[in-house]
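1. this one's structure only:
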């Protein structure tokens, strides 16, 4: 079997497994399908952050802000919140806004991308830790803004959040209700799984095309050496703004899907810890490598939920002296530490990066050995005293 046939076989097997996964999991309860749905949303977030951190090398600790922007935009346009707060809107839309998803999702993409570009504009001169601090502050500003925008006009409903958010409706299919087909019922969470899977595949294709494009190569040049990239004629300002905008747009789309899936959003869902977790997914899986980023996102998104079934029995064994939530956090932290010690470049790092690193280390080792073996002044005949080949010439008397 040649390589093409093997790739085709792997592709078909993977496609069948992905399509059958929710149908198999829902036989054990919808909770398992819900875990996979949340993992797919985190995969979209990790792919978006990978553009900023993995491709362009810009450390962004406020990425969850774009997630929040997309979620609240969908919530405001797909719930009674605005009609209850503004009588004029209620008069124009007596049955509520209920705007179509074909308008909300592109709008969430554009608004989040614009917010990303606005964040990137004042931070073009910043690098490393300073950039991380500024983006962290931006994420916290958005969270506090959503938490307090219930006075004097109640727009976001403050810490109580927005409820009664519309489910996604596509071509007459309501994803909020189970689908019955010839006596077989496909649950609502399984329908959302297929939608999220489609969006993840689209995000992977876009990320891959960006990576191998001229824009992607420009981002990687900036990541490796911004001064050299600028000297080679790359417009680093526009490339950075494009990276921030493209990465943020992924977060906006994921946020809109999160709001429709949950039916409820509140500022607590967009804390600093969420940003840290998304960054950890990218770093733990392998910065700049799409399969590694997907693997890291799936593991870190599903691991806390799976550990519920481990921490619960341990809490019962200790008669409640150990809190289950603390045990889960402890296990997650230990797993992350062990992975980074065993695999410092990530679970699935980029093979090109590993190859270049190995070649660089081998070259440095060869140069070091050559320098140690070589005795200056002995190997060249011009350094020898005429008539006495065994005595090297020296500038010292």
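-> Perfect, I can see it now. Given the structure is predicted, the values throughout are model-derived calculations rather than measurements.

2. going forward, measure contacts between C-alpha atoms and count neighbours the same way
-> Fine.

3. where does residue 185 land in three-state SS?
-> Secondary structure of residue 185, reduced to three states by DSSP: H, G, I helix; E, B strand; the rest coil: strand.

4. Looks like it contacts residue 178 (just checking).
-> Yes - proximity of residue 185 to residue 178 meets the contact threshold set by C-alpha atoms under 8 Å, at 6.5 Å.

5. got a list of contacts for stretch 279-297?
-> Stretch 279-297 is contacted from outside by 39, 42-43, 46-47, 49-51, 53-55, 61, 204, 207-208, 278, 300, 336, 339-340, 345-350, using C-alpha atoms under 8 Å, 6 or more residues apart in numbering.

6. measure it end to end?
-> Between the opening and closing residues of stretch 279-297 we find a distance of 10 Å, counting by C-alpha to C-alpha, to the nearest Å.

7. Give me the mean pLDDT for it.
-> Across stretch 279-297, the average pLDDT comes to 93.

8. Return the set of buried residues in that stretch.
-> Using 16 or more other C-alpha atoms under 10 Å as the burial criterion, the residues of stretch 279-297 that qualify are 279-297.

9. Among the residues you listed, which are located in helices?
-> Judged by DSSP state H, helices contain the following of the buried residues of stretch 279-297: 279-285, 290-297.

10. count of neighbours near residue 28?
-> By the other C-alpha atoms under 10 Å criterion, the neighbourhood of residue 28 contains 10 residues.

11. quick revisit: of the contacts of stretch 279-297, buried ones?
-> Buried residues within the contacts of stretch 279-297, defined by neighbour count using 16+ other C-alpha under 10 Å: 39, 42-43, 46-47, 49-51, 53-55, 61, 204, 207, 278, 300, 339, 345-350.

12. Can you tell me which residue is spatially central in the protein?
-> By C-alpha atoms, centre = their mean, the mean C-alpha position of the chain lies nearest to residue 46, the distance being 1.2 Å.

13. Could you give the average pLDDT over whatever helix or strand that one lives in?
-> Per DSSP states H and E, residue 46 falls inside helix 30-50. Taken as a whole, helix 30-50 has an average pLDDT of 95.

14. name the helices or strands packed onto that helix?
-> Secondary-structure packing of helix 30-50 (3 or more C-alpha pairs under 8 Å, 6 or more residues apart in numbering; DSSP states H and E): helix 3-25, helix 188-211, helix 236-262, helix 272-285, helix 290-306.

15. what's the spacing between that helix and its chain's center?
-> 10 Å (C-alpha atoms, centre = their mean, to the nearest Å).
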